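**Student:** show me how the following folds:
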Amino acid sequence: FLECTHGILSFDHVLRGSLAMTSASGGGSDSGEDDVSSSPEVVSFNNGRGYTEKDFGRSFPSLWVWLQTNSFRNNPGTSLFVSIARVPVLGMGLPGFTAAVWHNSTLIPFATWSGAKFEDIRVSKDELYIAMRSSRRRNAGYRVEITVDRRNVPEVLLYAPVNFTKMAPFVWEALQAKVHMRLINSHGDVLVDDVGEYAGLEVHGNVEWLVDNVCGKKTANKFICL
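**Tutor:** Purely as a prediction, here's the structure:
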């Protein structure tokens, strides 16, 4: 019944392969077509880090925050994924989220279904800050702090489903955001304090609605909050 379903196929894997890119000269020819360089530029992906996810459904939410990186400088193989959105259910817009950290071959979920909770969300044009606990019980589970530097980060325009009928270009996604993550266990031990490069980041729509729906705020939904 959800308009969009999200799935993770792989949090982290090693890449092998290459991409050959040719460029048009723009000079044109007698046939009216651009001349193409005879020696393509080859980009190698060998020994790179990969991440794979999927979305399927009728339409994207009206607003959301999405974040992913598995390019941590000192923790190769560690992966972070966060998705927060306004989810339409039975005519109502409810806040929902799913997130996880993959670290040392262990999956640590931070999600609505796993009983996680938000401590804070702050969004500005320069920075995104998120603090979550994996359990609503005091001092239980894991805590994660995420700070994303959004300054001077280029974005690309992506196609996405709209109005249940067509694909249209309306999603702006950054692929070079920088993420500082701190992962702390229930004993207060810092497991990860590292920076993830080349992060994917989408901040779409009036995301202040998500900020207003953090549990404990007067503006939060009385029945379901973050």
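
**Student:** hey, let's count contacts and neighbours off CA atoms from now on
**Tutor:** Noted.

**Student:** residues touching stretch 174-183, excluding its own?
**Tutor:** Outside stretch 174-183, the residues that touch it by C-alpha atoms under 8 Å, 6 or more residues apart in numbering are 69, 142-150, 153-156, 190-202.

**Student:** what does stretch 191-199 give?
**Tutor:** 67-75, 174-185.

**Student:** please repeat the previous calculation with a cut-off of 10 Å.
**Tutor:** Residues external to stretch 191-199 that are found in contact with it (C-alpha atoms under 10 Å, 6 or more residues apart in numbering): 67-76, 78-81, 103-104, 142, 144-149, 173-185.

**Student:** picking that back up, next, check the contacts of stretch 174-183 against the strands and list the overlap.
**Tutor:** 69, 143-149, 155-156, 190-202 (DSSP state E).

**Student:** mark which of those are buried, thanks.
**Tutor:** Neighbour-count burial (16 or more other C-alpha atoms under 10 Å) applied to these gives 69, 143-149, 155, 192, 194-202.

**Student:** so Glu173 touches Gln68, yeah?
**Tutor:** No - contact criterion C-alpha atoms under 10 Å: Glu173 and Gln68 do not qualify, at 11.2 Å.

**Student:** with neighbour numbers in mind, choose between those two.
**Tutor:** Gln68 (25 against 21; other C-alpha atoms under 10 Å).

**Student:** now the residue nearest to the spatial centre of the chain: which helix or strand?
**Tutor:** A centroid search over the chain (C-alpha atoms, centre = their mean) returns Leu67, at 1.9 Å, as the residue closest to the centre. Using DSSP states H and E, Leu67 sits within strand 64-69.

**Student:** then Tyr129?
**Tutor:** strand 127-133.

**Student:** could you do Leu210 as well?
**Tutor:** helix 208-212.

**Student:** relative to whichever strand in the chain runs longest, what are the paired strands and their orientations?
**Tutor:** As assigned by DSSP E, the longest strand anywhere in the chain is strand 166-184. Paired strands of strand 166-184, with direction, are strand 143-149 (antiparallel), strand 155-162 (antiparallel), strand 190-204 (antiparallel) (DSSP bridges).

**Student:** turn those strands into TSV, columns for mean pLDDT and distance to Glu119.
**Tutor:** Supplementary listing: the strands paired with strand 166-184 in TSV, determined by pLDDT from 0 to 100; distance: least, C-alpha to C-alpha, whole Å:
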stretch	mean pLDDT	distance to Glu119
strand 143-149	95	9
strand 155-162	83	28
strand 190-204	93	18
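
**Student:** out of those, the one nearest Ser62 is which?
**Tutor:** Counting by C-alpha to C-alpha, Ser62 lies closest to strand 190-204 out of the strands paired with strand 166-184; the figure is 7.8 Å.

**Student:** tell me how many other residues crowd Ser18.
**Tutor:** Neighbours of Ser18 using other C-alpha under 10 Å come to 11.

**Student:** quick one: it from Ala174, how far?
**Tutor:** Distance, Ser18 to Ala174, by C-alpha to C-alpha, to the nearest Å: 22 Å.
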